[in-house]
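Chemist: starting from these lines, generate the structure:
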Amino acid sequence: MRRFCLALTVALVSLGVQASPAAGSLPNYLPDCQGVPVHKPSSIVFACGDGNIFAKNVRWRNWGACYAHGSGMLSMNDYDPDCANGHFRTYHLSLIAFGSQVCP
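Modeler: Alright, predicted model coming up:
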């Protein structure tokens, strides 16, 4: 049985509207495939075109202003013999999201 590690990096996008300049930092979100901001998502689709790579059961241990760390399960299609007939394999996932962007 082969073992291997997967490393994934996702940009953490800071979205939302600040009530006032004195209100402090903006809330942090990750966008879904439609660009809808989601706060601490429990699932994330990485292959938005076909949904063949996604994280599920994500639990966030750290959710800061420009950094987030979580863990969960990664499911991905092995495409064997092809994408339509492939099998989904599941792996443990450590997820790190970093960076920020202010959006209207």
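
Chemist: residue 37 touches residue 30, doesn't it?
Modeler: Yes - using CB atoms under 8 Å, residue 37 is in contact with residue 30, at 7.3 Å. To be clear about C-beta, it is placed using only N, CA and C from the backbone, and glycine gets the same treatment.

Chemist: of these two, which one has the most company?
Modeler: residue 30 (21 against 16; other CB atoms under 10 Å).

Chemist: name the helices or strands packed onto whichever strand or helix holds that one?
Modeler: Assessed by DSSP states H and E, residue 30 sits inside strand 30-31. Under the contact criterion of 3 or more CB pairs under 8 Å, 6 or more residues apart in numbering; DSSP states H and E, strand 30-31 touches strand 37-38.

Chemist: now do the contacts for the spatially most central residue of the chain.
Modeler: When CA atoms, centre = their mean is applied to the chain, the residue found nearest the centroid is residue 44 (4.4 Å). By CB atoms under 8 Å, 6 or more residues apart in numbering, residue 44 lies in contact with 10, 30, 32, 54-55, 58, 95.

Chemist: tell me who's in contact with residue 58.
Modeler: Residue 58 makes contacts with 41-44, 70-72, 93, 95, as judged by CB under 8 Å, 6+ apart.

Chemist: SS state for it?
Modeler: With DSSP: H, G, I helix; E, B strand; the rest coil as the basis, residue 58 sits in strand.

Chemist: tell me the phi and psi of the closest residue to it other than its chain neighbours?
Modeler: Closest residue in space to residue 58, ignoring its immediate chain neighbours: residue 72 at 3.7 Å, by CB to CB, 6 or more residues apart in numbering. Per-residue torsions, residue 72: phi -180, psi -150 (degrees, to the nearest 10).
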